[in-house]
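K.L.:
Fold the following for me, if possible:
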Amino acid sequence: MNVSLVPDVRMNVEEFLAWSERQPDDRYELVDGEIVAMTRDRAGHNRTKGAAYVALRDAVRASGLRCEVFIDGMAVAINENTVRIPDVIVQCGAELDPAALVADSPVIVVEAVSPSSERDDIGTKFMDYFSVATIRHYLILLSERRAVVHHRRNEGGVIESRIVKDGHISLDPPGLSISVAALLGVQEI
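P.N.:
Here you go, the predicted model:
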């Protein structure tokens, strides 16, 4: 049996990334210097984040933008003591080094809500993600409700929020349009 022991010490981002690379299969975030274990995916959660990845990847390819889409595992450094692992990240600009663990210029972050993560996804992560200057869109996928909460930082820095159940969502910047059905993995009729 492979047991991972979480050290009871405070870490900064650099220390956490070095530690997390040595862990076998477990997934962690660093929140205010403390290591927090992430729960494993249930099938529905995994399907939703997979659908969001495919939808965003296809939208990026169709647009011809210099952006990359990453699924589960790439980190976003919130500050020197907090690292979040969104379900999907869209990073634009220069291509990341293949050894990179952190997206340095994320523009879009996506979280697929699960029962254990809903409170954090809607509250704490909202504040964390928008403390990162490059993040313009935070999408919260509520697959059971067939809805997407779209938080957007506008040109003036004001965060606007809306709940979208059908149609398309404009993600500008970077200049993408994506259907709610595709994000949620729902077949369009």
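K.L.:
phi, psi of Ala94?
P.N.:
phi -60, psi 140 (degrees, to the nearest 10).
K.L.:
now swap in Glu144 and tell me
P.N.:
Per degrees, to the nearest 10, the backbone of Glu144 is at phi -70, psi -30.
K.L.:
Renumber starting at 6 from here on
P.N.:
Right, with 6 as the first residue, what we last looked at is Glu149.
K.L.:
where does Arg52 fall, phi/psi-wise?
P.N.:
As for Arg52, its main-chain torsions (degrees, to the nearest 10) stand at phi -60, psi -40.
K.L.:
Strands of this protein, start to end?
P.N.:
Secondary structure of the chain (DSSP state E): strands located at 33-36, 39-42, 72-76, 81-84, 87-89, 93-97, 111-117, 142-147, 152-158, 164-169, 173-176, 181-184.
K.L.:
start to end distance for stretch 20-37?
P.N.:
Start-to-end span of stretch 20-37 (Cα to Cα, to the nearest Å) is 13 Å.
K.L.:
And the contacts of it?
P.N.:
Applying Cβ atoms under 8 Å, 6 or more residues apart in numbering, the contact partners of stretch 20-37 are 7, 9, 11-12, 16, 18, 40-43, 45, 78, 80, 86-90, 106-107, 129. In this view, the C-beta of every residue, glycine as well, is placed from N, C-alpha and C.
K.L.:
Please repeat the previous calculation with a cut-off of 7 Å.
P.N.:
Contact with stretch 20-37 is made by 7, 9, 16, 18, 40-43, 86-90, 106, as judged by Cβ atoms under 7 Å, 6 or more residues apart in numbering.
K.L.:
What of stretch 57-77?
P.N.:
For stretch 57-77, using Cβ under 7 Å, 6+ apart, the contacting residues are 54, 90, 92-98, 100-101, 108, 115, 117, 146, 179-181, 183, 187-188.
K.L.:
please redo it, this time with the cut-off set to 8 Å
P.N.:
For stretch 57-77, the surrounding residues in contact (Cβ under 8 Å, 6+ apart) are 54-55, 90-101, 108, 112-113, 115, 117, 144, 146, 176, 179-184, 187-190.
K.L.:
How many neighbouring residues does the residue nearest to Cys97 when sequence neighbours are not counted have?
P.N.:
Counting by Cβ to Cβ, 6 or more residues apart in numbering, the nearest residue to Cys97 once its immediate chain neighbours are dropped is Cys72, at 4.1 Å. Neighbourhood size, Cys72 [other Cβ atoms under 10 Å]: 23.
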